[in-house]
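Trainee: Any chance you could fold what I've pasted below:
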Amino acid sequence: MTIVAKKLAGIGQYGLWVARFVRAVITHGPPKGQTLHEAYRIGVKSLPILVIISAFVGTNLALQGYNAFKPIGGQRLVGMFVALAGVREMAPIIAAAMIAAKAGTEMASQIGIMRIREQIDALEVMAVNPLAYLVAPRMIGIMLMLPALTIIAIFVMLTAAYTVSVYQLGLPGHEFIHFASEIIEPVDFLYGAIKAMFFGLIICTISCYHGFHCTKGPEGVGAATNRAVVTSSVICIVLNYFVSELLYGGAL
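Mentor: As a prediction, the model looks like this:
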């Protein structure tokens with residue numbers, strides 16, 4: 001079988017698995033009491049690293065925007081540049097990449113370990129649907145928390161960029177706020193949350209899919225985890241373009 005045929009077969013298997021997951025959720029529903037635990041694990045435990053990454057991305061955006069606009073005398077447009085790049089594009093994709101690297105790997109490895117220990121088979125023997133029991137709480141948790149993390153990333157990014165622009169680069173604070181608020185509208189925050197929900201859907205389904213199809217042994221868990229984070233990160237980055245085109249169209 002050629003590489004292309006294998007990839008197409010893998011996509012087909014993933015699609016069938018997602019269809020079984022949707023049917024399982026409709027039939028059985030997510031287990032009660034697990035969703036909040038997953039939301040806490042995915043969201044709250046990921047918050048410190050998200051704040052650090054977002055802060056330094058914001059400082060870099062301010063610095064590079066200042067250097068780009070300075071030769072043409074447009075330093076005061078730094079706020080517009082940071083707001084446009086950060087709110088519309090950087091914050092959603094940074095939050096998604098961080099969640100894919102942290103929560104996505106945890107999903108794939110945890111479910112993969114359950115697979116090789118035959119715990120998933122035990123759930124089936126006890127007439128518990130493993131897709132509804134294991135995947136549904138993670139799906140709801142990530143789709144609740146990733147939009148919230150994206151909004152936090154936006155706030156941290158803008159705050160860090162403002163601090164660098166005003167106290168390091170010497171730009172007037174009111175100009176930064178004025179130009180940032182001129183380019184960004186409230187709907188942009190909604191669009192960022194919509195992007196985050198799409199990304200959460202991709203990260204959860206791909207990570208759990210690779211965990212469910214993990215092969216035997218520690219090597220199998222490691223390989224499944226690696227495939228999960230690489231595949232979900234790449235798809236989120238590619239999907240970001242199409243979602244931006246759908247939401248903004250010619251406005252970008």
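Trainee: And the pLDDT at Val22?
Mentor: Model confidence at Val22, given as pLDDT, is 86.
Trainee: ok, and it, which helix or strand is that part of?
Mentor: Per DSSP states H and E: Val22 is located in helix 3-28.
Trainee: Check which helices and strands the helix or strand following that helix is in contact with.
Mentor: Following helix 3-28 in sequence order, the next helix or strand is helix 35-43 (DSSP H and E). Using 3 or more Cβ pairs under 8 Å, 6 or more residues apart in numbering; DSSP states H and E, the elements in contact with helix 35-43 are helix 136-167. Just so you know, the C-beta spots here come from the backbone N, C-alpha and C atoms, and that holds for glycine as well.
Trainee: And the average pLDDT for the helix it packs on is what?
Mentor: Taken as a whole, helix 136-167 has an average pLDDT of 90.
Trainee: helices or strands up against that helix?
Mentor: Using 3+ Cβ pairs under 8 Å, 6+ apart, helix 136-167 sits against helix 3-28, helix 35-43, helix 47-69, helix 78-85, helix 91-99, helix 173-183, helix 186-212.
Trainee: what's the angle between the first one and helix 136-167?
Mentor: Same thing as helix 3-28. 110 degrees (axes from the mean of the first three to the mean of the last three Cα atoms, to 10 degrees).
Trainee: What residues of helix 3-28 count as buried?
Mentor: Within helix 3-28, the residues scored as buried using 16 or more other Cβ atoms under 10 Å are Tyr14, Trp17, Val18, Phe21, Ala24, Val25.
Trainee: quick revisit: turn the helices and strands packed on helix 136-167 into JSON lines, including distance to Ile113.
Mentor: JSON lines is the format used below for the helices and strands packed on helix 136-167 (distance: least, Cβ to Cβ, whole Å):
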{"stretch": "helix 3-28", "distance to Ile113": "19"}
{"stretch": "helix 35-43", "distance to Ile113": "16"}
{"stretch": "helix 47-69", "distance to Ile113": "23"}
{"stretch": "helix 78-85", "distance to Ile113": "39"}
{"stretch": "helix 91-99", "distance to Ile113": "20"}
{"stretch": "helix 173-183", "distance to Ile113": "46"}
{"stretch": "helix 186-212", "distance to Ile113": "8"}
